[in-house]
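> task: produce atomic coordinates for the following.
(one chain, ligands or ions: 1)
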Amino acid sequence: MTMNKIVQTFMKQNKKWMILLIVVIGCSVFTSLLPPLVLERIVNRLGNQRSISFLLALSYFLCIVLADIFESLQNACITIFGQKMTHAIRSALCQKLSRLSPQYFHAHKAGEIESIFTNDGDAIDVLYSDGIVSMIADCFKLIAIFIVIFTRSKGLGLLLLVITPFLYFFTRWAQKKMNKAQLANRKAIARVNSQVPETIRCMRMIHGFHAEKYMENTYDKYIQESYQAIDQGNIIDSIYSPVILITQAIVTAIMMIFAASGYRSLFGLSVGSAVAMIAYVANIFSPLENIGMEIQNMQAASAAIHHIQTFLNETDWHPEVNTTIKNNDICFDHVTFGYDPEKPVFQNLSFTIHPGEHVTFVGRTGAGKSTIFRLLTGLYNPDAGHISLAGYCPVALKPEERRNVFGLVEQDFTSVPGTVRDQITLYASYKDEEINKALLLLGFEQTIENLPHGLDTPMDEDLFSKGQLQLLAIARAIVSNPSILLLDEITANLDAQTEDRILSALRASSKGRTVLSISHRLSQSIGPARIIEIK
Ligand SMILES: Nc1ncnc2c1ncn2[C@@H]1O[C@H](COP(=O)(O)OP(=O)(O)OP(=O)(O)O)[C@@H](O)[C@H]1O
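Below is the predicted model:
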């Protein structure tokens, strides 16, 4: 899938929207030309000592209202179009994300991937809402104004043709300077923003080591940088507007002087036309300024397009379903695997675990114990050999099957947004009886009942001790009543007393299940277990 393909598919699926957008832009360009033309008629009539009808005055008013309505409609349509397009691109990115291999997530930092969805996604939104489409609309507006000016006064048209490029480059110069200042300001603000939570987090240490002055100076520096950047922006702003207004006045003056000095073939205008031309000249500056911004947005989006395209070009993960073992054993059959295939973590590893067995993997750090769990849970495919998890090929396990087959408890508890119940169910619809059964088995039901709203208490890690968080993790693993429990050094971060409590809770919840645990210390074992040493 390429960006072009996504855009083409979007356009095909949103034909009506595209037509509406074109019609609204056309109407907006057309109606923006009307008020000066009606004004021209009114002034000409007044100049010729003729009265103006109420209808003519009303039509001037209506033209202004109509032009504003269509301009608002155009902006709304462009914004919605941009958001719809961004939605289509973000959806394609999400679909791609779900097709990527686990290796991709190891090779790329979380922030890097996140930035494709957030920053690059936003740049695409700006590209379509404040870039391409708006630029087309502004170009049409500019061309239409030029055509009307040329029909009324060739001289003024030529004059504007000569000065427009200068105005454009001046506008671009001012915009670049403004942007540079804004960027510097944003950077300084971002530094302050990231410093605030850090300061709060380290407040005790700052006071403890009397580092207040240092922190104050750091804030001072960033705020000063922000202030200087804003100042630079203000200077450019204060130059830009007067230059544009003066240019407008000079153009009007030149037009008047030439018209009055007898260059009638080029500048000859009725009074009404002169008034209309002044209005049109004023209208040229706004689309010109917009086009500069829009070009800038498009340039900024080109890097985002490149990032998104690179992401979309990543190879999809099609894990090979390669198990031939159909019994309920957990089986590693001559498995070779390495995160980098050139550097295998283990080679030809074989073992069989029968249903109901308790096995502890031991071995030196880095031997590959956690890697075995990653292979068993289907996060990776072996480079060679076969893996069977109670008759299933782990990588082929369907999402809805996973929790029924195995429950995984890791060293640290990872909370999810929501209530305490959500920590256990992970948003799946387990009944209260199932949740309570798991809690009862762990002797954890009283703690949960004592919470302000029981299971429906909003989750806050401060509600629980480290050991209690691990009990929550075990409840999460066993609520689906899986036949296999995978325990990855679950008591590694706990003191001896808490460890005992967790181990006894585990003993209760392991009955009737196959339990595979990873342990550095045999004392962490939940009971008599077969030891498999990974070398
Ligand atoms: N995502 C990864 N990408 C690349 N290499 C990795 C990755 N995860 C682990 N490794 C490497 O694979 C080897 C095995 O790691 P693993 O975590 O399985 O060992 P372990 O036996 O569980 O170690 P420990 O007892 O310290 O937790 C190590 O050399 C480790 O550096």
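> tell me the pLDDT at the closest residue in space to Leu451 that isn't next to it in sequence?
Spatial nearest neighbour of Leu451, excluding adjacent residues (CB to CB, 6 or more residues apart in numbering): Thr457 at 4.1 Å. Using the backbone N, CA and C atoms, a C-beta is placed for each residue, glycine as well. Thr457 is assigned a predicted lDDT (pLDDT) of 93.
> now do Asn322
The predicted structure scores Asn322 at 63 on the pLDDT scale.
> and if you look at Gly527?
Reading off the model, Gly527 has pLDDT 64.
> looking at the stretch 201-350 of the chain, which residue is nearest the ligand?
Going by CB to the nearest ligand atom, the ligand is nearest to Tyr339 of the stretch 201-350 of the chain, at 3.3 Å.
> enumerate every residue touching that residue.
103, 106, 345, 371, 380 (CB atoms under 8 Å, 6 or more residues apart in numbering).
> packing partners for the one helix or strand Asn217 maps to?
For Asn217, the enclosing helix or strand under DSSP states H and E is helix 212-260. Applying 3 or more CB pairs under 8 Å, 6 or more residues apart in numbering; DSSP states H and E, one finds that helix 212-260 contacts helix 154-201, helix 264-267, helix 271-313.
> need the residues of this protein near the ligand, please.
Within the chain, the positions adjacent to the ligand are 106, 339, 345, 363, 365-371 by CB under 6 Å from any ligand atom.
> just the buried ones among those, please.
Among these, those classed as buried by 16 or more other CB atoms under 10 Å are 345, 363, 367-371.
> what's the per-residue pLDDT of the nearest residue to Val38 once chain neighbours are set aside here?
Excluding its sequence neighbours, the residue lying closest to Val38 (CB to CB, 6+ apart) is Tyr60, at 4.4 Å. Tyr60 is assigned a predicted lDDT (pLDDT) of 90.
> and what of the one 3 residues further on?
Model confidence at Cys63, given as pLDDT, is 93.
> now the nearest residue to it once chain neighbours are set aside: how far from the ligand?
Using CB to CB, 6+ apart and skipping residues adjacent in sequence, the residue nearest Cys63 is Leu34, 4.1 Å away. Per CB to the nearest ligand atom, to the nearest Å, Leu34 is found 65 Å from the ligand.
> surely Leu34 meets Phe70?
No: if you go by CB atoms under 8 Å, Leu34 and Phe70 don't touch, sitting 10.1 Å apart.
> for those two, indicate the residue with more neighbours.
Under the neighbour definition other CB atoms under 10 Å, Leu34 and Phe70 were set side by side, and Phe70 has more, 20 against 16.
> mind checking which helix or strand of the chain has the lowest mean pLDDT?
Ranked by mean pLDDT, DSSP states H and E, the helix or strand of the chain with the weakest confidence is helix 264-267, at a mean of 64.
> which SS class is Asp333?
Of the three states, Asp333 takes strand under DSSP: H, G, I helix; E, B strand; the rest coil.
> and the residue nearest to it when sequence neighbours are not counted, how many neighbours does it have?
Of all residues not flanking Asp333 in the chain, His386 sits nearest, at 4.3 Å (CB to CB, 6+ apart). A count of nearby residues for His386, using other CB under 10 Å, gives 16.
> which parts of the host helix or strand of His386 are buried?
Element membership of His386, judged by DSSP H and E, is strand 384-389. Using 16+ other CB under 10 Å as the test for burial, strand 384-389 gives 385-389.
> hmm, back to that, angles on the backbone of the residue of the stretch 201-350 of the chain closest to the ligand, please.
Note on Tyr339: its backbone torsions stand at phi -60, psi -40 [degrees, to the nearest 10].
> then Asp130?
The phi/psi pair for Asp130 (degrees, to the nearest 10) reads phi -130, psi 20.
> what sits against it?
By CB under 8 Å, 6+ apart, Asp130 lies in contact with 82, 293-294, 297.
> and for the helix or strand harbouring Phe351, what's in contact with it?
Following DSSP H and E, one finds Phe351 within strand 346-353. Identification of contacts with strand 346-353 by CB under 8 Å, 6+ apart yields 329-337, 359, 367-368, 371-372, 385, 514, 516, 530, 532, 534.
> just the buried residues of the residues you listed.
For those, buried by 16+ other CB under 10 Å: 329-333, 335, 337, 359, 367-368, 371-372, 385, 514, 516, 532, 534.
> send over stretch 377-397 as PDB, restricted to the C-alpha atoms.
What follows is stretch 377-397, C-alpha atoms only, in PDB (Å, rounded to 0.1, in the frame of the first residue of the first chain):
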ATOM      1  CA  THR A 377       3.500 -16.900  23.300                       C
ATOM      2  CA  GLY A 378       3.900 -16.500  19.500                       C
ATOM      3  CA  LEU A 379       5.700 -13.200  19.500                       C
ATOM      4  CA  TYR A 380       8.400 -14.700  17.300                       C
ATOM      5  CA  ASN A 381       8.700 -17.600  14.900                       C
ATOM      6  CA  PRO A 382      11.600 -20.000  15.300                       C
ATOM      7  CA  ASP A 383      14.300 -19.900  12.600                       C
ATOM      8  CA  ALA A 384      14.300 -23.700  12.600                       C
ATOM      9  CA  GLY A 385      12.400 -26.500  14.300                       C
ATOM     10  CA  HIS A 386       8.900 -26.700  15.600                       C
ATOM     11  CA  ILE A 387       7.000 -25.400  18.600                       C
ATOM     12  CA  SER A 388       3.800 -26.700  19.900                       C
ATOM     13  CA  LEU A 389       1.700 -25.200  22.700                       C
ATOM     14  CA  ALA A 390      -0.900 -27.800  23.700                       C
ATOM     15  CA  GLY A 391      -1.500 -28.600  20.100                       C
ATOM     16  CA  TYR A 392      -1.400 -25.000  18.800                       C
ATOM     17  CA  CYS A 393       1.300 -23.400  16.700                       C
ATOM     18  CA  PRO A 394       1.900 -20.300  18.900                       C
ATOM     19  CA  VAL A 395       2.200 -17.700  16.100                       C
ATOM     20  CA  ALA A 396      -1.100 -19.000  14.600                       C
ATOM     21  CA  LEU A 397      -3.100 -18.600  17.800                       C
END
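> what comes up buried for that stretch?
377-382, 385-390, 392-395, 397.
> distance check, the residue of the stretch 101-250 of the chain found nearest the ligand against Val395.
Of all residues in the stretch 101-250 of the chain, His106 sits closest to the ligand, at 4.0 Å by CB to the nearest ligand atom. Distance, His106 to Val395, by CB to CB, to the nearest Å: 16 Å.
> likewise for Leu142?
According to CB to CB, Leu142 stands 57 Å off from Val395.
> which residue would you name as the spatial centre of this structure?
Thr118 (1.9 Å; CA atoms, centre = their mean).
> confirm that residue sits in a helix?
Yes: checked against three-state DSSP, Thr118 lies within a helix.
> is it possible to export the residues of the chain next to the ligand to a markdown table including secondary structure?
Listed next are the residues of the chain next to the ligand as a markdown table, based on three-state DSSP:
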| residue | secondary structure |
| --- | --- |
| His106 | helix |
| Tyr339 | coil |
| Val345 | coil |
| Gly363 | coil |
| Thr365 | coil |
| Gly366 | coil |
| Ala367 | coil |
| Gly368 | coil |
| Lys369 | helix |
| Ser370 | helix |
| Thr371 | helix |
